[in-house]
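Enquirer: after the sequence you'll find the predicted model.
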Amino acid sequence: VDGCIATPTGVELAAGLNLKVTHESPLMVTGPNACGKTGFFRMLCGLWPSPTGTISTPDDMFLVPQTIFMVAGTLADQVTYPAHVEEDKLDTDLCQRLLELVGIGYLSGRETWHATKHWENILSLGEQQRLGMARLFYNKPKFAILDECTSAVSTDVEHRLYEEARNLGVTCITLSQRLALNEFHTQELALSNSKSWSLSSVN
């Protein structure tokens, strides 16, 4: 990232950003509400252009927002998204292991893998966020942007999810209101409501 965070209407949220994320330097982005964290997320996703400078992102990058998109489809589709896997080709053992890993293994017993439902109305926010992480583990990207996507789960579950991401070789860019999970990040980008920012190492 070499540029500024700004809204599509030109409102600048942070100027002169210059940083790089590698497998050896996962990033935590912190700051209060309305400081530009969501704008940073949208720029990395390609939803907002950078008015100045450049943003280079890898092809193998997965996005996990705070509010998980529940696809219109089956329980299996929630895990394999964005891919749809035909019933006769679905590895239900893998999907079950992933649900158990994130703490919602009971879903496949309560619901069938191939039942189509309005999952956003059936699952709690915490269950949806855990499904979002199961989806991440299914896809196993090299990089992931996590936008407060574990805010509705306990800290011990959150720690376990990040540990699994690290075990799978996923480099995380985490957006949060506070610095947490230090052992999974090596640098912190601290944004403020005054358009200023700082980049520091995480011990």
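Expert: Arrived safely, thanks for sending. This is a predicted model, so every value here is computed, not measured.

Enquirer: so where's the protein uncertain?
Expert: By pLDDT under 70, the low-scoring segments of the chain are 178-179.

Enquirer: any idea how far the residue sitting nearest the centre point of it lies from G16?
Expert: Residue closest to the mean C-alpha point of the chain, counted by CA atoms, centre = their mean, is L146 at 2.3 Å. Note on L146: its distance to G16, by CB to CB, to the nearest Å, is 25 Å. Every residue, glycine included, has its C-beta placed from N, CA and C.

Enquirer: got it, and G105?
Expert: Counting by CB to CB, the separation of G105 from G16 is 47 Å.

Enquirer: max-length helix in this protein?
Expert: Longest helix in the chain by number of residues (criterion: DSSP state H): helix 125-139.

Enquirer: tell me which residue of this structure is furthest from the middle?
Expert: Most distant from the centre of the chain: D88, at 29.5 Å, with distances by CA atoms, centre = their mean.

Enquirer: state the distance from it to W113.
Expert: Distance from D88 to W113, by CB to CB: 12 Å.

Enquirer: and stretch 96-113, how far apart are its ends?
Expert: From its first residue to its last, stretch 96-113 covers 10 Å (CA to CA, to the nearest Å).

Enquirer: next, the buried residues of that stretch.
Expert: Using 16 or more other CB atoms under 10 Å as the test for burial, stretch 96-113 gives Q96, L98, L99, L101, V102, G103, I104, L107, S108, E111, W113.

Enquirer: cool, stretch 146-161 as well?
Expert: By 16+ other CB under 10 Å, the buried positions in stretch 146-161 come out as L146, D147, E148, C149, T150, A152, V153, V157, E158, H159, R160, L161.

Enquirer: same thing with stretch 190-203?
Expert: For stretch 190-203, by 16+ other CB under 10 Å, it's L191, K195, W197, V202.

Enquirer: what's the closest of these to Y81?
Expert: Among those, L191 lies closest to Y81 (CB to CB), at 29.6 Å.

Enquirer: which ones are touching that closest one?
Expert: L191 makes contacts with I5, L13, A14, V29, T30, G31, C35, G36, K37, F40, W197, as judged by CB atoms under 8 Å, 6 or more residues apart in numbering.

Enquirer: make a markdown table out of those and add secondary structure.
Expert: Below are those laid out as a markdown table (DSSP: H, G, I helix; E, B strand; the rest coil):
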| residue | secondary structure |
| --- | --- |
| I5 | strand |
| L13 | strand |
| A14 | strand |
| V29 | strand |
| T30 | strand |
| G31 | coil |
| C35 | coil |
| G36 | coil |
| K37 | helix |
| F40 | helix |
| W197 | strand |
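
Enquirer: which of those residues count as buried?
Expert: Buried positions within the contacts of L191, assessed by neighbour count (16+ other CB under 10 Å), are I5, L13, A14, V29, T30, G31, C35, G36, K37, F40, W197.

Enquirer: re earlier: between the buried residues of stretch 146-161, which sits nearest R135?
Expert: Lowest distance from R135 to the buried residues of stretch 146-161 (CB to CB) belongs to C149, with 10.3 Å.

Enquirer: tell me who's in contact with that closest one.
Expert: Contacts of C149 (CB under 8 Å, 6+ apart): V64, P65, Q66, I68, Q129, G132, M133.
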